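[1] What would the 3D arrangement of this be:
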Amino acid sequence: MAEKTRLTYAYVQLSYRFYRDARKKLLSVYQEFQMSNLHRVVFFGVGELAEIAYISFQESELEFVAISDFECVGEQFFGHQIICIEELRDIRYDALLLTRNGGEYNLEEQLVQKGVKMSKIRSL
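    Sure, this is the predicted structure:
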């Protein structure tokens, strides 16, 4: 029982640290966006990081335009429909923030192949 308690405590600490560090970095990124006149923002990627990004986004003066992913298309994300990457061609936005969990290999390259301009892609 003590081992389970220790593991649970370690997991909660790790989760809290992830949330705190992600939120700190996101607030910094949003401030950079504002200073660079990048006001219309798209998220790419659904998961815990995207959720933290969206909640933190509410404190900014930026405009949330859309969320996209290779998967989950058509599902809801905080009241927004998740769209396929090809639909971004018809949407005006200033920056695409990578909000996928984990370091997917060549994600930027995949997005560029789908029509996203490399100059608009931002990562944490």
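[2] Around the closest residue to residue 73 other than its chain neighbours, how many other residues sit close by?
    Excluding the flanking residues, the one nearest residue 73 by CB to CB, 6 or more residues apart in numbering is residue 84, at 4.7 Å. Yep, even glycine has a C-beta here, placed from its N, CA and C like the rest. Neighbour count of residue 84, defined by other CB atoms under 10 Å: 14.
[3] And for residue 81?
    12.
[4] For the lengthiest helix in the chain, which residues meet the burial criterion?
    The helix that spans the most residues within the chain, counting by DSSP state H, is helix 2-35. For helix 2-35, the neighbour count (16 or more other CB atoms under 10 Å) marks 19, 22, 26, 29-30, 33 as buried.
[5] can you pull the contacts of the spatially most central residue of the chain?
    Residue closest to the mean C-alpha point of the chain, counted by CA atoms, centre = their mean, is residue 99 at 2.3 Å. By CB atoms under 8 Å, 6 or more residues apart in numbering, the contact set of residue 99 is 43-47, 49-50, 53, 67.
[6] Now name the helix or strand holding residue 82.
    Residue 82 is part of strand 80-83, with elements assigned from DSSP states H and E.
[7] who does that strand touch, helix- and strand-wise?
    If you count contacts as 3 or more CB pairs under 8 Å, 6 or more residues apart in numbering; DSSP states H and E, strand 80-83 packs onto strand 63-68.
[8] The strand it packs on: how far from the chain's middle?
    10 Å (CA atoms, centre = their mean, to the nearest Å).
[9] packing partners for that strand?
    Against strand 63-68 (3+ CB pairs under 8 Å, 6+ apart) you get strand 40-44, helix 48-57, strand 80-83.
[10] ok, residues contacting it?
    If you take CB under 8 Å, 6+ apart as the criterion, strand 63-68 is touched by 39-44, 46, 50, 54, 57, 77, 80, 82-85, 87-88, 91-93, 99.
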